[in-house]
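>>> Output the structure for:
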Amino acid sequence: FVTTLEDAHTAIAAYDLQDKKVRDVQLPGLGSAFGFRGGPAARQTFYAFTSFKDAGAIYRYDIPTGQSEPWKTPVVPFDAAALETTQVFFPSKDGTKVPMFLTAKKGLAHDGMRPTLLTAYGFGGVSLTPAFNPTMIAWIERGGIYGVVNVRGGGEYGEAWHTAAMRTHRQVGLDDSIAAGDWLIANHYTAPRHLGIFGSSGGGMLVGAVMMQRPELFGAAVPLVGVHDLLRFQLFGQGAGWQGDLGSPADPTEFRALQAISPLHNVRAGTRYPATLLVTSDHDVRVAPLHSYKLAAALQAAQAGPAPVLLRVHTASGHGGSAALSQRIDQQTELLAFFAHTLGLPLN
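Next comes the predicted model:
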């Protein structure tokens, strides 16, 4: 069984021992799968499958027939059958086709008024593949749309996709994210006042940079534990290790490229920025909290519109959030409540 990534989701093909392809394995949908272990005489194998609306079931696969059936399925308190995930491809600024997953209730009207959350990462060759996120289920059940954009800088199409947005080319990943928002608005999924964007770590950096370049595109933005001072990032936390991907401020050419996209250095006084919630953690040793402190102060001083600019500092929490389940639930609840309030998602 050969597992590959095809348009940012898992594809699996079965081969015999003479290298002849037997069939493509029919997975339950657009998702991520792994497993398929066993000896050469096995007539069955098992694999795990998850997606944006599937919490992670184990399937039994009959090798002679190629048929799959659920073996162990978690019980979750929502109707997965009422939701659907579609994948769309939109042109970025340079014409490159970029994929985006959209998950929403089936039959949702394209009325241009739907509260929509976008997220992306695009850093270090990391691929964003379909995965279950219970926080987003709460958003979708109430009529919102959840979008995951596979921007360049990730590894969804191999190393070339990664290097296309490395070092002096970081703007490419920002262009991809901006084009995703423009496409959703042009195709009547949402409108700027109903469009929110969030991302964590490298994704938080992306959110900060995008909202500096196109503040009018979003109704709300949440950069989580982001890297925002791109001229001094190498001096704090684990920043020195990111220069291979981000570039070095000590190199004149790379300095200019970093300065052009650095969230902190592109805040402009008198600009109407979207409602912003900057989130950091007091025990984050990977991305120093000072990045969020500095950007929050700069945005609060520059904000010309009525939207709030808030800083949330989680205590006893690290780069990936709290280790305690109750605190993680509180943190995710704050995120959803902020977006619901600012983008107009009804909670009753």
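>>> which residues in the stretch 151-300 of the chain form helices?
159-163, 171-186, 202-213, 243-246, 252-261, 290-302 (DSSP state H, counting those that start in this stretch).
>>> Check the gap between Leu83 and Glu141 for me.
Leu83 is 8 Å from Glu141, where distance means C-beta to C-beta, to the nearest Å. In short, each C-beta sits where N, CA and C put it, glycine included.
>>> Can you pick out the residue with more neighbours from those two?
In terms of neighbours (other C-beta atoms under 10 Å), Leu83 is the more surrounded of Leu83 and Glu141; the figures are 20 against 13.
>>> and the residue of the chain most remote from its centre, backbone torsions?
What lies farthest from the middle of the chain is Ala41; by C-alpha atoms, centre = their mean that is 40.9 Å. Reported as degrees, to the nearest 10, the phi and psi values for Ala41 are phi -90, psi 0.
>>> between the helices of the stretch 151-300 of the chain, which one is nearest to Ala55?
helix 202-213 (22.8 Å; C-beta to C-beta).
>>> picking that back up, residues that sit against both of Leu83 and Glu141, list them.
Both Leu83 and Glu141 are in contact with Lys105, where contact means C-beta atoms under 8 Å, 6 or more residues apart in numbering.
>>> Could you check how far the residue farthest from the centre of the chain is from Ile63?
In this view, Ala41 and Ile63 are 10 Å apart by C-beta to C-beta.
>>> got it, and Thr3?
16 Å.
>>> go on, Pro28?
18 Å.
>>> Equivalent analysis for Ala240, please.
As for Ala240, its distance to Ile63 is 49 Å (criterion: C-beta to C-beta).
>>> of those two, who's got more company?
Neighbour comparison, Ala240 and Ile63: the larger count goes to Ile63, with 15 against 11 (by other C-beta under 10 Å).
>>> Quick check: chain neighbours aside, which residue is closest to the more buried one?
Nearest residue to Ile63, sequence neighbours excluded (C-beta to C-beta, 6 or more residues apart in numbering): Arg43, at 5.3 Å.
>>> Kindly report the same for Val2.
Leaving aside its sequence neighbours, Val2 sits nearest to Ala13 (C-beta to C-beta, 6+ apart; 5.1 Å).
>>> and what of Gly219?
Leaving aside its chain neighbours, Gly219 sits nearest to Arg193 (4.4 Å; criterion: C-beta to C-beta, 6+ apart).
>>> what pLDDT does the one you found get?
In this prediction, Arg193 carries a pLDDT score of 98.
>>> And Ala324, by the same measure?
85.
>>> Could you do Asn348 as well?
Reported pLDDT at Asn348 in the predicted model: 74.
>>> Please report how far it lies from Ala340.
For Asn348, the distance to Ala340 equals 11 Å [C-beta to C-beta].
>>> Point out where the protein drops to low pLDDT.
The chain contains no residues with pLDDT under 70.
>>> Can you check which helix is longest in it?
Of all segments of type helix in the chain, defined using DSSP state H, the longest is helix 325-343.
>>> is it true that Trp139 touches Leu347?
No - taking C-beta atoms under 8 Å as the definition, Trp139 is not a contact partner of Leu347, at 10.4 Å.
>>> Show me which of these two is the more surrounded one.
The residue with more neighbours, out of Trp139 and Leu347, is Trp139; 24 against 9, by other C-beta under 10 Å.
>>> picking that back up, residue contacts, the residue nearest to Ile63?
Neighbouring residues of Arg43 by C-beta under 8 Å, 6+ apart: 62-64.
>>> Let me have those in a markdown table, extended by distance to Gly247.
Formatted as a markdown table, the contacts of Arg43 follow (distance: C-beta to C-beta, whole Å):
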| residue | distance to Gly247 |
| --- | --- |
| Asp62 | 51 |
| Ile63 | 49 |
| Pro64 | 53 |
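>>> between these, which is nearest Met113?
Among the contacts of Arg43, Asp62 lies closest to Met113 (C-beta to C-beta), at 46.3 Å.
>>> And that closest one, how close does it get to Trp71?
11 Å.
>>> Please apply the same query to Val151.
35 Å.
>>> neighbour-wise, which of these two wins?
Val151 (32 against 14).
>>> residue contacts, that one?
Applying C-beta under 8 Å, 6+ apart, the residues near Val151 are 98, 120-122, 165, 173, 176-177, 180, 206.
>>> Who does the spatially closest residue to Met211 that is not a sequence neighbour form a beta bridge with?
Spatial nearest neighbour of Met211, excluding adjacent residues (C-beta to C-beta, 6+ apart): Ala221 at 4.6 Å. Taking DSSP bridges, one obtains Ile197, Thr276 as the residues bridged to Ala221.
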